[in-house]
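[1] A structural model of the following input is requested.
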Amino acid sequence: MRTSSSKVLFKPVLLLGALLCTVAVAAAQEPPALPAPPAEPAPPMLPALAWEAPPLEPFTATYQALYKGKEAGDATMRVTHTGGAQWRVDMQVVGRRGFASVLGLNLEQSTVFEKQGEVYVPLSQATVRKGLFLGKKVTGTYNWQAGTAQWVGDLKKERTQPIPLQPGDQSALLINLAIMRDARPGAQMHYRYVDVGRVRQHDYQAAPDTENVQVGELSYNALRVYRTNGGNDETILWVANGVPTPVRILQREDGEDRIDLRLIEYQGV
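    Take a look at the predicted model:
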């Protein structure tokens, strides 16, 4: 979807009239001056475009993947409605042109979750990493009745221990969807990341205004959202009004671009 912005310029036109009169009769009185016509009212200010969070709907989005600024592969994010209040979000990164050899893996992630009102509640999570000489698989369960989340698979022992859950806990993929739901110009967003046996606080800040973002041949009027507490690991997302997925996701380390996902296309399912 291509968006563009334009300015409507109101250019008032001043109509100047002059009446040249020759009075031949000296006794005639000069007619009274006509009152000046009332000034035209100023054109009304156009209202600022209201920011509308995209509804949670099924979609498939395809991204170009860059590694350290070089084209390296592609990625697909997919949201599926599996019935009732239950949904699933998947992300697959496929390495090409040396991407897999550089990172040593291809990546598949998924989270099954419920939509409870406006809250996304994770139920299960899976991560599969594939490489030439390695392969790892991890699965996790968010047991809300027991109040714990736990992962099994190719993990260090300390990361297989139960983690006490708190309301609002999110997986990595759900944070992306939550940002799409919560982002507003100038907004602050706070999420508790519970994924793959780890707990972290993720805090984000949205820019006060949108900016033009060029992604391939498409130009988006997008809002920049960046993590404020990641230290040397930066995460920046650009979200466009009405688009259900980030138009760009950039991960930086020590001030340098590392993984850069740029939206190529998206479509509803």
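[2] lowest confidence element among the helices and strands of the protein?
    Lowest mean confidence among the helices and strands of the chain (mean pLDDT, DSSP states H and E): helix 99-103, at a mean of 55.
[3] now the helix or strand in which residue 219 is found: mean pLDDT?
    Under the criterion of DSSP states H and E, residue 219 resides in strand 218-227. Averaged across strand 218-227, pLDDT comes to 92.
[4] State the next helix or strand along the chain beyond that strand.
    Later in the chain than strand 218-227, the nearest helix or strand by DSSP H and E is strand 233-240.
[5] name the helices or strands packed onto the helix or strand harbouring residue 174?
    Secondary structure assigned from DSSP H and E places residue 174 in helix 172-182. Helices and strands touching helix 172-182, by 3 or more CB pairs under 8 Å, 6 or more residues apart in numbering; DSSP states H and E, are strand 86-95, strand 106-116, strand 119-130, strand 188-195, strand 233-240. Yep, even glycine has a C-beta here, placed from its N, CA and C like the rest.
[6] what pairs with the strand holding residue 219, and is each one parallel or antiparallel?
    Note on strand 218-227: by DSSP bridges, its sheet partners are strand 198-215 (antiparallel), strand 233-240 (antiparallel).
[7] most packed of the ones you listed?
    Stretch with highest mean neighbour count among the strands paired with strand 218-227: strand 233-240 (a mean of 21; mean count of other CB atoms under 10 Å).
[8] chain center to that strand: distance?
    7 Å (CA atoms, centre = their mean, to the nearest Å).
[9] and the next helix or strand after that strand, how far from the chain's centre?
    Using DSSP H and E, the next helix or strand after strand 233-240 towards the C-terminus is strand 248-253. Mean-position distance between strand 248-253 and its chain equals 12 Å (CA atoms, centre = their mean).
[10] any idea of the angle strand 248-253 forms with strand 86-95?
    Interaxial angle of strand 248-253 relative to strand 86-95 (axes from the mean of the first three to the mean of the last three CA atoms, to 10 degrees): 60 degrees.
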